[in-house]
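Student: just the structure for this:
(2 chains)
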Amino acid sequence: MAEHVLMIEDDEPLAAMLSEYLGSYGFAVTARATATDGLQLLRHGRFDALVLDVMLPDLDGFEVCRRVRAESDIPILMLTARGKDLDRSVGLELGADDYLPKPFNPRELLARLRAILRRRVPAGMPHTAPLRFGRLEIDRDARVVRVDSTERLLTSYQFELLCVLAVNAGRVMSREALLDRVRGEELDAFDRSIDVHISRIRAAIEDDPKHPRRIITVRGAGYVFAKYQDDEREM
Amino acid sequence: MRRLYLQIYAAFLGILLLFGVLVTVASLLIPLHSQDPQLLDELGTVLSELLPGLERPVDELQAAVTRLGRLFPIHLTVRSPDGVLLAAVGPPLPAPPPERLASGWIRARGAGPTVALSLPDGRVVVARWQPRHRPFGLLRALGLLAIAIALGAYPIVRRITRRLERLQAQVEALGAGDLTVRVEVEGCDEVAQLARSFNHAADRIERLVKAQRTMLAGASHELRSPLARIRMAIELLPSADRPELQARLTQDIAELDMLIGELLLASRLDTLEALEHTEDVDMLALLAEEGARIAAEVSGEPVCIQGDPRMLRRLLRNLFENARRYAAGAPVEASVLPLVPTGVRLCIADRGPGVPEPERERIFAPFYRPTGMRERGEGGVGLGLALVRQIARHHGGDVWCVPRDGGGTCFEVTLRTTPERPLPAGG
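Tutor: Next up is the predicted model:
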C-alpha cells in the first residue's frame, strides 16, 4: 500500500511537480497551499509523513510544526528557501525530523523522506537517532549504512569505525584516538590495517574512493569525517 | 581637563576671578583727587560759613567742630593755613601734603574715605567718614558673590553635562549594535532637543535595519523558490533527452544558488556587529574537508578556534575555489599553523600565474574582477575574496595575497582563537 504524504507548500507549481515526482516512486501525495487547510486535513486524515514549507501565507511553518508535534508523532520533513542559518536548528528543535534547504536535489528529498519513514519506531522501543550526512545515512539501531537509500555492506568493525568517525565529524581523529574508541578487533596503532579498513569503508560509501570526500586523510594527523560534502548547501 | 562640566565650572570661576582683578586694578588706577573738585570747593565754602572765622577764639572753633562731630559720624580736624592744629573731633587727622592746595580726596590705607577741604580763608579741614556700622567692602561683596556663583553653578553645570554624558553612553551603545537604546528626554532645552533628535535617528536606523533583514529573508525566498521549481522540473524531464544538458542546467542552478548565498551573506556581514553563533571549529579538519573537494594537499596541526563554522567553511571554500580556478591543474597546497599566542594562520597556495603587485589588494574589493576575467565570463561576480576578507575580519583576523616562491600565489589568513579583538597586522 502506497505511503500517504501530506505536503503543505504554497508554491503550487513546485507542489504539483513534487507530487508527480514522489508519485513516480510510489507515494500518494496530497498537497495543500495554506497551513490552515493542511492542519485541518491532518486532523481528519491518515498520513504517513508531512512535507512542510517554512514560509506559508497564513502561518509560520515552525508554528505549524509545533502544533503538529503537540498532538502527533508523524514524521516531518521541513523545506525552506529562507537564508537564515538558524532555521535548521529551530526546525529540528521544534520536532521536525529532517530539514532541506531549497533548491534541493529531488533525489535527496526522496532519500530523506524514505529515511524518516523508516525511522518510525513503535512506541516503547529504544531508539537511537540515525546519523545523516547528505545522501549518507548511518542507522545505528539496524547497524546499516545507506547511500541514496541503498544499503552498503560493511563489517561490524568497519561499521563501528564509521560511527566513531561520523559522531566526531568535523574533527581530525588520529589513528590512536580511533583505536581507543572502536570496540572489537585488537589493532596496533602502528598497524596499517586501520588504513585498510578505512579504504574498505571508502569503497562502500564514497562516489569516487580514489578521491574521497567523506573520509579524508590528513597527512601526519589522521582522518577527518567531512560534515558537508556532496551538493549539500550549508550557507 | 577633559570633563565638560569641569571645563564649564572652571570657566565660571575664571570669569569671577577676572572681574575681581579688573575692579581692583580700576580702583587703584582712577585718581581720587580728580573726582568733583568743584563740588569739594563749594563744600569748603559751606563749611567756612558754619565754622567761626579765623579771628574768633579757638575754643569757639573747637565747640563748633565738636557739634559737627555729634551730628555726623565723622572725625574732623581743622588746621591753620600753615598747618597748625586748631581744633579736632576724634584723633587729629594728618595734614594733606603741602603740594596739595586744592580740595580733594586723600588715599589712606585701612581707613574710611578721607577728604581735605580748603576754606576760603586758607584754613584746611580734613574729614573722615566713620560709619557706625561698618558696611561690606567691595572686595568682600565680590568674594561672597563668587562663592554664591561657585556653589550655585556646580549643580547646574553638572545637571546639564550629566544629561550629555547619558546621551553619549546611549550613542555609543547604538554604535555598538544595540538598536533598541533610547534616551530619556528631560526638559525642553537644547540638550532635550538633542536627545529627541537622537531617539528619532535611532528609530529610523532600527526600522531600516529591520527592513533590510526582512528584505534579505524575503530575497532569499523569492530567489530560491523559482530555482527549486527549475531544479524539480529538470528532474522530471526524461533523462534520455540530452543528459549533458540536464547536468549543465543542474550545475548552473547550483552556481546561481551559491551566488545568491554570497550576495545575501555579504549584505548580512555589512550590518553584522558581532558573530551571532560561534562554536569550537577544528581548522585542520575543516581545511581537509574543503580541500578534498579540489584534491588539495593539506597539512598542519589540529588547531581549534571559536568561530562561526558556516562562515569559516565559506571562507575556505572561496579560497580553494579561487585557487582551483587559477592553479591550471597543479595541486593546491594548504596548511594551518597555530599563531602564538592567540591565533591561527592558514595558507592556501597555488602554482597559477600569480597576482600582479598592484592588484594584490584590489582583488579583495567587492565585485572586483581582474582584467580578462570579466571578458571571458570567468571568476564569478567578484564577491568571493571580498567575503573571505569580511569573514576573516569578523573573526578578528585578515587575509593577504602574497607571491609564492617559485611562482604562484599564496593567500594567508589569520584568525583569532576567540574573535573579540583583531590580531596585529602583518601577514
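Student: how about the strands of chain A, start to end?
Tutor: A:4-8, A:28-32, A:49-53, A:76-80, A:98-101, A:131-133, A:136-139, A:144-147, A:150-152, A:172-173, A:215-218, A:222-225 (DSSP state E).
Student: compare the ones you listed and give me the one nearest B:Gln251.
Tutor: strand A:98-101 (17.8 Å; CB to CB). The way it works is simple: take the backbone N, C-alpha and C, and place the C-beta from them, glycine included.
Student: hey, C-alpha coordinates of that closest one in PDB?
Tutor: Extracted in PDB, the C-alpha atoms of strand A:98-101 (Å, rounded to 0.1, in the frame of the first residue of the first chain):
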ATOM      1  CA  ASP A  98      14.700  16.500   8.900                       C
ATOM      2  CA  TYR A  99      15.300  19.700   7.100                       C
ATOM      3  CA  LEU A 100      16.100  20.500   3.500                       C
ATOM      4  CA  PRO A 101      17.000  23.900   2.100                       C
END
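Student: give the rounded mean pLDDT of it.
Tutor: Mean pLDDT, strand A:98-101: 86.
Student: could you list the paired strands of it along with their orientation?
Tutor: Strand A:98-101 has the following sheet partners, assigned by DSSP bridges: strand A:76-80 (parallel).
Student: columns distance to B:Ala150 and mean neighbour count on top of the strands of chain A, output as a markdown table?
Tutor: What follows is those, written out as a markdown table (distance: least, CB to CB, whole Å; neighbours: other CB atoms under 10 Å in any protein chain shown):
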| stretch | distance to B:Ala150 | mean neighbour count |
| --- | --- | --- |
| strand A:4-8 | 75 | 23 |
| strand A:28-32 | 79 | 18 |
| strand A:49-53 | 72 | 24 |
| strand A:76-80 | 68 | 24 |
| strand A:98-101 | 69 | 21 |
| strand A:131-133 | 76 | 18 |
| strand A:136-139 | 80 | 20 |
| strand A:144-147 | 85 | 20 |
| strand A:150-152 | 89 | 12 |
| strand A:172-173 | 71 | 26 |
| strand A:215-218 | 74 | 22 |
| strand A:222-225 | 73 | 25 |
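Student: pipe the ones you listed into a markdown table and attach distance to B:Leu339 per row.
Tutor: Shown next, in a markdown table, are those (distance: least, CB to CB, whole Å):
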| stretch | distance to B:Leu339 |
| --- | --- |
| strand A:4-8 | 50 |
| strand A:28-32 | 54 |
| strand A:49-53 | 45 |
| strand A:76-80 | 38 |
| strand A:98-101 | 34 |
| strand A:131-133 | 31 |
| strand A:136-139 | 35 |
| strand A:144-147 | 39 |
| strand A:150-152 | 41 |
| strand A:172-173 | 18 |
| strand A:215-218 | 19 |
| strand A:222-225 | 21 |
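Student: centre-most residue in chain B?
Tutor: Among the residues of chain B, the one closest to the centroid is B:Gln168, at 8.3 Å (CA atoms, centre = their mean).
Student: for it, what are phi and psi?
Tutor: As for B:Gln168, its main-chain torsions (degrees, to the nearest 10) stand at phi -60, psi -40.
Student: if I look at it, how far off is B:Glu184?
Tutor: 14 Å (CB to CB, to the nearest Å).
Student: over to B:Ile147?
Tutor: 33 Å.
Student: so after the helix or strand of chain B with the lowest mean pLDDT, what's the next helix or strand?
Tutor: Within chain B, no helix or strand scores below helix B:373-376, which has a mean of 56 by mean pLDDT, DSSP states H and E. Using DSSP states H and E, the helix or strand that directly follows helix B:373-376 along the chain is helix B:384-394.
Student: give me the contacts around that following helix.
Tutor: Residues outside helix B:384-394 that contact it (CB atoms under 8 Å, 6 or more residues apart in numbering or on different chains): B:262, B:265-266, B:269-270, B:272, B:274-275, B:308, B:311-312, B:314-315, B:318-319, B:321-322, B:363-368, B:398-399, B:411, B:413-415, B:419, B:422.
Student: buried sites along the helix or strand just after it?
Tutor: Downstream of helix B:384-394, the first helix or strand assigned by DSSP H and E is strand B:398-403. Neighbour-count burial for strand B:398-403, counted by 16 or more other CB atoms under 10 Å in any protein chain shown, picks out B:Asp398, B:Val399, B:Trp400, B:Cys401.
Student: tell me what angle strand B:398-403 forms with helix B:384-394.
Tutor: 130 degrees (axes from the mean of the first three to the mean of the last three CA atoms, to 10 degrees).
Student: which parts of the stretch 301-427 of chain B sit against chain A?
Tutor: Taking CB under 8 Å from any CB of the partner chain, the part of the stretch 301-427 of chain B that reaches chain A is made up of B:Glu301, B:Pro302, B:Pro309, B:Arg310, B:Arg313, B:Arg314.
Student: neighbours of the fourth one, how many?
Tutor: Right, the one you point to is B:Arg310. Close neighbours of B:Arg310, defined as other CB atoms under 10 Å in any protein chain shown, add up to 16.
Student: return the list of helices and strands in contact with the host helix or strand of B:Ile348.
Tutor: Taking DSSP H and E as the definition, B:Ile348 sits inside strand B:343-350. Helices and strands touching strand B:343-350, by 3 or more CB pairs under 8 Å, 6 or more residues apart in numbering or on different chains; DSSP states H and E, are helix B:283-292, helix B:309-327, strand B:333-339, strand B:409-416.
Student: so where's the chain uncertain?
Tutor: Picked chain A for this. Along chain A, the parts satisfying pLDDT under 70 run over A:1, A:82-91, A:121-127, A:183-192, A:229-235.
Student: that's the wrong chain, I meant chain B
Tutor: B:1-2, B:30-37, B:98-102, B:107-112, B:131-139, B:217, B:239-241, B:371-380, B:419-427.
Student: show me where it has its helices.
Tutor: B:4-29, B:37-50, B:58-71, B:138-175, B:190-236, B:243-271, B:283-292, B:309-327, B:359-362, B:373-376, B:384-394 (DSSP state H).
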